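[1] Sequence and predicted structure are below.
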Amino acid sequence: MNKMLSGGCLCGRVKFSVRDEFKTFLQCHCKQCQQLTGSAFASNIFTHPGNIEWLCGESNITVYEHPIREFSKFFCNRCGSGLPFINKTKTSLIVPAGSLNEAFTIQPQANIFTSEEASWFRAGMQAKCFSGGRSHTPATRF
């Protein structure tokens, strides 16, 4: 039996659980995913539409549906964290990988729309790495 994973938003208003039964894990580098995430790419995990239990805060979810293109974003209306949603064709539940609290078994299977990759992505992968920690931020070192 696959384990249950918890997830939610940064502020804790929205919480959910999903079973570790994922079928696809894609990292999308298209311009719209860059804009939706504010990052170099979106990391989305696909599962069957019924694989979610909203534990709290479902009323705190805001939905953005692009009026022309075929994409959506579901997010917490307080902290802006991306949250799971069922795609427009109703064939998959799409779970932002970063919204999960525990490790899951699937690994990224493909990087898609790499022709639209952010111009700074490759250089960023070569930049200095800092292990982090809550007591300081690397940005204070520059």
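    Here it is on my side, so go on.

[2] what residue ranges in this protein are flagged as low confidence?
    The model of the chain has pLDDT under 70 over residues 1, 133-142.

[3] which residue sits closest to the residue nearest the centre of it, ignoring its sequence neighbours?
    Centroid check for the chain by CA atoms, centre = their mean gives P96 as the closest residue, at 2.2 Å. Leaving aside its sequence neighbours, P96 sits nearest to G82 (CB to CB, 6 or more residues apart in numbering; 4.1 Å). C-beta coordinates here come from the backbone N, C-alpha and C atoms, glycine included.

[4] doesn't A97 make contact with the one you found?
    No. Counting by CB atoms under 8 Å, G82 does not reach A97; the two are 9.6 Å apart.

[5] Just want to know which of those two has more residues nearby.
    G82 (22 against 18; other CB atoms under 10 Å).

[6] Quick check on the more buried one: phi, psi?
    phi -70, psi 140 (degrees, to the nearest 10).
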